[in-house]
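>>> task: produce atomic coordinates for the following.
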Amino acid sequence: MKAIAAEHPGEPQVMTLQEVPSASPAADEVLVDVAACGVNYIDTYQRSGVYSVDFPFTPGLEGAGVVASVGTQVDWAAPGDRVAWASTSRSYAQQVRLRRSDAYQVPEGVGLDVAAAVMLQGLTAHYLSASSFPLHGGHTALVHAGAGGVGLLLTQLAVARGARVITTVSGDRKEELSRATGATEVIRYERFRDIATELPGAIRALTDGSGVDVVYDGVGASTFDGSLASLAVRGTMVLFGGASGQVPAFSLQRLNSGGSLSITRPSLGHFLRTDEERAWRAGDLFSGIAAGDLDVRIGETFSLSQASHAHEALEGRRTTGKVLLLP
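Numbers count the residues shown, from 1 in each chain. I've put the predicted structure just below:
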């Protein structure tokens with residue numbers, strides 16, 4: 001089969017399409033023909049060396065496809081089943097070996113490309129809105145990168161839970177997309193000279209001076225100070241990524257002086273620890289998609305051989321919605 005591999009960390013061009021041996025599934029695994037695999041920021045962190053991985057390295061954690069064969073101990077899937085996954089390594093490939101703990105049955109009415117597009121970012125949006133800071137009516141949330149993959153889904157889930165959502169975006173098209181998914185207010189952060197000092201004022205002008213109950217921040221270094229200063233008394237910062245770089249160490253006393261604030265740094269795996277929790281989160285997403293209540297935007301698709309171009313587009317923030325590779 002063919003798969004993407006990088007021999008060493010570096011820029012996107014270190015990834016090349018290579019012929020690799022096809023693998024039979026282990027006794028507790030299934031072998032899946034990949035229909036689509038998702039491109040995520042964690043892939044770029046691993047490829048570039050920000051996150052430590054072993055090289056040679058094949059990126060990719062997320063995708064969807066059709067079961068081709070099953071191991072001798074597998075009783076939970078059969079050839080022809082449609083499945084998706086969110087944390088299976090080496091997914092930039094034509095075939096992937098999958099275990100039950102990361103397999104989600106894709107129901108009829110949900111396309112495999114849409115299933116691949118919603119897994120990691122959709123499950124993330126679900127735990128953010130339902131668990132990290134459980135939203136309900138009366139809450140006001142600030143969602144950074146509102147036109148990104150997580151941002152578009154998180155906005156929809158937040159609005160469905162009754163929250164008022166303010167987003168940040170850059171550009172007319174991204175503002176249009178964010179408003180279309182339910183954002184009440186959209187802030188154009190490219191118009192700020194200094195996000196740290198100007199964002200809090202803009203937020204307080206939209207919240208009668210009080211600030212927001214929660215900030216969902218996957219951008220990191222460039223937005224952190226402004227996000228913290230935008231919170232209401234006893235507000236919560238949910239820092240779930242670092243697209244602009246990792247947040248440096250800071251004094252916890254800032255949480256006290258800012259109004260008895262809270263901060264959490266969650267990770268998806270800690271919110272998918274049981275079969276019941278995985279079924280709840282994926283079931284909510286797939287049900288919403290099938291009913292037409294949850295819109296999953298696929299921004300761009302690339303062939304497997306164009307993986308480097310996909311990373312360039314994502315890192316250059318030239319994308320809206322989900323980026324997919326189509327083996």
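>>> so where does the residue nearest to Ala86 when sequence neighbours are not counted fall, helix or strand?
In space, Ala86 comes closest to Met119 once its chain neighbours are excluded; the distance is 4.1 Å by C-beta to C-beta, 6 or more residues apart in numbering. To be clear about C-beta, it is placed using only N, CA and C from the backbone, and glycine gets the same treatment. Assessed by DSSP states H and E, Met119 sits inside helix 112-127.
>>> run the chain-centre distance for that helix.
The gap between where helix 112-127 is centred and where its chain is centred comes out at 7 Å by C-alpha atoms, centre = their mean, to the nearest Å.
>>> and if you look at stretch 180-188?
The chain centroid and the centroid of stretch 180-188 are separated by 19 Å, computed with C-alpha atoms, centre = their mean.
>>> all helices of the stretch 51-200 of the chain, in order?
Secondary structure of the stretch 51-200 of the chain (DSSP state H, counting those that start in this stretch): helices located at 112-127, 149-160, 172-180, 195-206.
>>> make a markdown table from the ones you listed and add distance to Thr223, mean neighbour count and mean pLDDT to it.
As requested, these are arranged in a markdown table below (distance: least, C-beta to C-beta, whole Å; neighbours: other C-beta atoms under 10 Å; pLDDT from 0 to 100):
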| stretch | distance to Thr223 | mean neighbour count | mean pLDDT |
| --- | --- | --- | --- |
| helix 112-127 | 17 | 26 | 97 |
| helix 149-160 | 12 | 26 | 95 |
| helix 172-180 | 15 | 18 | 95 |
| helix 195-206 | 6 | 17 | 96 |
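>>> can you add distance to Thr236 and give the ones you listed back as JSON lines?
Listed next are the helices of the stretch 51-200 of the chain as JSON lines, based on distance: least, C-beta to C-beta, whole Å:
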{"stretch": "helix 112-127", "distance to Thr236": "14"}
{"stretch": "helix 149-160", "distance to Thr236": "14"}
{"stretch": "helix 172-180", "distance to Thr236": "22"}
{"stretch": "helix 195-206", "distance to Thr236": "14"}
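>>> which one of those helices lies closest to Glu11?
Nearest of those to Glu11, taken as C-beta to C-beta: helix 149-160 at 22.2 Å.
>>> return the residue of the protein that is most distant from the centre.
Taking C-alpha atoms, centre = their mean, the residue of the chain most remote from its mean C-alpha position is Thr72, at 33.5 Å.
>>> what are the buried residues along stretch 266-283?
266, 268, 271-272, 278, 281-282 (16 or more other C-beta atoms under 10 Å).
>>> ok, back up a step: give the closest residue to the residue farthest from the centre of the chain in space, chain neighbours not counted.
Here the nearest residue to Thr72 in space, its sequence neighbours aside, is Ala27; by C-beta to C-beta, 6+ apart that works out to 4.9 Å.
>>> surely that neighbour is in contact with Gly71?
Yes. The pair Ala27 and Gly71 qualifies as a contact (C-beta atoms under 8 Å) at a distance of 4.4 Å.
>>> the more surrounded of those two?
Legend: neighbour count by other C-beta atoms under 10 Å for Ala27 and Gly71, higher for Gly71 (16 against 9).
>>> now do the same contact list for the more buried one.
25-30 (C-beta atoms under 8 Å, 6 or more residues apart in numbering).
>>> and it, how close does it get to Asp217?
Noted for Gly71: a distance of 41 Å to Asp217, by C-beta to C-beta, to the nearest Å.
>>> what separation is there between the nearest residue to Asn40 once chain neighbours are set aside and Ala310?
With sequence-adjacent residues excluded and distances taken as C-beta to C-beta, 6+ apart, Asn40 is closest to Leu120, at 5.6 Å. With distances taken as C-beta to C-beta, Leu120 is found 15 Å from Ala310.
>>> show me the domain layout of this structure.
With automatic domain parsing serving as the domain definition, the record reports that the chain contains domains spanning 2-119+274-326, 137-265.
>>> for His126, find the nearest of those.
domain 2-119+274-326 (4.6 Å).
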